[in-house]
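**Q** Build me a structure from this.
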Amino acid sequence: GEVPVFLGVNHQDTILVSPDSDALLLVLSQEDCQELFGNYPEQRQIIKANILAPFELDSFGRETNAKGEASAGDADIEKHKLKKTIMERMKAVNEQSTFD
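**A** Residues are numbered from 1 along each chain as shown. A predicted model of the protein is given here:
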């Protein structure tokens with residue numbers, strides 16, 4: 001999934017495939033991903049923003065819902081857990097980059 005690759009957050013998704021159809025699995029290693037973004041750094045920011053938008057988070061993992069109210073998406077427990085995990089990860093990354 002895009003969350004582990006682009007944000008470094010462990011997250012598992014289950015994909016169901018009909019036994020009557022073909023499935024194609026594409027794999028992009030972390031190393032290959034880093035090489036690609038070395039050539040196209042602006043794309044990393046665009047993708048990151050697109051991943052964070054449904055969670056109502058900015059690029060620092062802060063909530064963009066100014067009122068601090070729960071969004072409609074927060075009703076989904078798994079999505080809410082993933083959102084909190086992303087927020088914690090983004091905070092750690094931002095704190096680490098401050099010291100680098």
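**Q** if I pick Arg89, what's in contact with it?
**A** 7-9, 61 (Cβ atoms under 8 Å, 6 or more residues apart in numbering). Where C-beta positions appear, they are placed from N, C-alpha and C, glycine not excepted.
**Q** before we move on, what about Lys48?
**A** 6-7, 59 are the contacts of Lys48 under Cβ under 8 Å, 6+ apart.
**Q** Now with 10 Å, please.
**A** If you count contacts by Cβ atoms under 10 Å, 6 or more residues apart in numbering, Lys48 has them with 2, 6-7, 57-59, 90.
**Q** Is it possible to get the contacts of Arg89 out as a markdown table so that each row also shows secondary structure and distance to Asn39?
**A** What follows is the contacts of Arg89, written out as a markdown table (DSSP: H, G, I helix; E, B strand; the rest coil; distance: Cβ to Cβ, whole Å):
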| residue | secondary structure | distance to Asn39 |
| --- | --- | --- |
| Leu7 | helix | 20 |
| Gly8 | coil | 20 |
| Val9 | coil | 24 |
| Gly61 | coil | 26 |
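**Q** I'm done for today, thanks for sticking with me.
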